[in-house]
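Novice: build the 3D model from these lines:
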Amino acid sequence: MKHLLFIMLCFGVFFNTTTAQDSTSVKVDTVKTIAKKTKVTGVVLNAKDNSPLVNVNIVNLNQVKGTVTNEAGEFSITAKVNDTLFFSYLGFQTINVPVTNDWIKFGNVTISMTEKGIALEEVVVEEIQLTGYLEIDAKKAPIYSKRRYSISGLEKGYEAGDEEPGAVTKVLGSIFNPADFLYNTFSKKGKSLKKLREIKKADEVRNILQSKYDRETLMNLLQMDKVSIDEILRNCQYSKKFIEEASDLQILDAISECYEEYKVLKKEDKKK
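Specialist: Numbering: from 1, shown residues only. Predicted structure coming up:
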């Protein structure tokens, strides 16, 4: 009798252990299944009339991936749980949407974007009369002050226009410690700027930034406000004209160039 009770007790323990293991295995498999799903899909609609929005810019701020919606307002983008997707579209309020377990598990979601009132300024298109003589026509071509030019053999780039930072400022900056402004600018923003190289390599994101001038996408990617971005550019000797009129992509490249100089100076300083 005792032997029978002992056998039944052992069988009960074995059964409970097996059941617990099976339950744990199911949970682990579910988590693994969710983790393996690296794409999220959805459709973006106009909140006013539920019409699809075409070419909405979507950026995964965590993984630095980008995409746009198709003609039906649909999109698919690489993402995982707790990533944040940034949606932007001309004339509409930008929104940040977190990626949840339910989104990945159950699939397609609908994102509604709300229009914002924007008073468009009058655009004046000036005609340039060409003479057929290359030298004369070249002199008539407008110089865009938001462009920055590099000359082979020279360390610094230069901007066109009358508002390019004065040479006196640069000379004074060289007389005093030339690394001071870089250290002061980047030392407290290291975490935000570590993404720079990653962003520069992401072609989809670069294409999105090329058409942007409002800094919203860039601010969300770098997790920095506009004041901090402008401060970096001023300290890196970019003109007010460039800061105000350059595209988000030009601003990204400008910050990246200056940050690379900072890292070189930092390495040289450690060697001393």
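Novice: going forward, measure contacts between C-alpha atoms and count neighbours the same way
Specialist: Will do.
Novice: which parts of the stretch 151-272 of the chain are strands?
Specialist: Remark: strands assigned in the stretch 151-272 of the chain by DSSP state E, counting those that start in this stretch are 157-159.
Novice: and the helices in it?
Specialist: With DSSP state H, counting those that start in this stretch, the ranges of helices along the stretch 151-272 of the chain come out as 167-175, 180-186, 190-193, 196-201, 203-210, 216-222, 226-235, 240-245, 248-271.
Novice: low pLDDT regions in the stretch 1-150 of the chain?
Specialist: Along the stretch 1-150 of the chain, segments meeting pLDDT under 70 span 1-37, 118-150.
Novice: please enumerate the helices of it.
Specialist: Under DSSP H, counting those that start in this stretch, the stretch 1-150 of the chain gives helices at 2-36, 101-106, 134-140.
Novice: of the helices of the stretch 151-272 of the chain, which stretch is the most buried?
Specialist: Among the helices of the stretch 151-272 of the chain, helix 216-222 has the highest mean neighbour count (mean count of other C-alpha atoms under 10 Å), at a mean of 20.
Novice: show residues contacting it.
Specialist: 61-62, 64, 86, 88, 192-193, 195-196, 209, 225-226, 229, 248, 252 (C-alpha atoms under 8 Å, 6 or more residues apart in numbering).
Novice: does Val43 touch Met113 like I think?
Specialist: No: judged on C-alpha atoms under 8 Å, Val43 makes no contact with Met113 at a distance of 10.7 Å.
Novice: more neighbours, the two?
Specialist: For Val43 versus Met113, neighbours defined as other C-alpha atoms under 10 Å are more numerous around Met113 (22 against 19).
Novice: which residues does that one bridge with?
Specialist: Counting by DSSP bridges, Met113 forms beta bridges with Asn46.
Novice: give me the neighbour count for the closest residue to Thr100 other than its chain neighbours.
Specialist: Counting by C-alpha to C-alpha, 6 or more residues apart in numbering, Val81 is the residue found nearest to Thr100 once chain neighbours are left out, at 5.2 Å. Using other C-alpha under 10 Å, Val81 is surrounded by 17 other residues.
Novice: would you mind measuring from Val81 to Ser239?
Specialist: 41 Å (C-alpha to C-alpha, to the nearest Å).
Novice: same thing with Asn46?
Specialist: Applying C-alpha to C-alpha, the value for Asn46 to Ser239 is 38 Å.
Novice: thinking again about what came up before, any idea which of the helices of the stretch 151-272 of the chain gets closest to Thr94?
Specialist: helix 216-222 (8.1 Å; C-alpha to C-alpha).
Novice: quick check: mean pLDDT of the closest one?
Specialist: Here helix 216-222 scores 92 as its mean pLDDT.
Novice: just the CA trace of that helix, in PDB.
Specialist: What follows is helix 216-222, C-alpha atoms only, in PDB (Å, rounded to 0.1, in the frame of the first residue of the first chain):
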ATOM      1  CA  GLU A 216      10.900  68.300 -36.600                       C
ATOM      2  CA  THR A 217      12.100  65.000 -38.000                       C
ATOM      3  CA  LEU A 218      15.700  65.800 -37.200                       C
ATOM      4  CA  MET A 219      14.800  66.900 -33.600                       C
ATOM      5  CA  ASN A 220      13.000  63.600 -33.000                       C
ATOM      6  CA  LEU A 221      15.900  61.500 -34.400                       C
ATOM      7  CA  LEU A 222      18.600  63.300 -32.400                       C
END
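Novice: hmm, back to that, tell me which of Asn46 and Ser239 has more neighbours.
Specialist: Using other C-alpha under 10 Å, the more surrounded residue of Asn46 and Ser239 is Ser239, with 23 against 16.
Novice: dihedrals phi and psi, that one?
Specialist: Dihedral pair for Ser239: phi -70, psi 160, per degrees, to the nearest 10.
Novice: against Val97, how distant is the closest residue in space to Val44 that isn't next to it in sequence?
Specialist: Once flanking residues are discounted, Val44 sits nearest to Ile111: 4.7 Å by C-alpha to C-alpha, 6+ apart. Ile111 is 9 Å from Val97, where distance means C-alpha to C-alpha.
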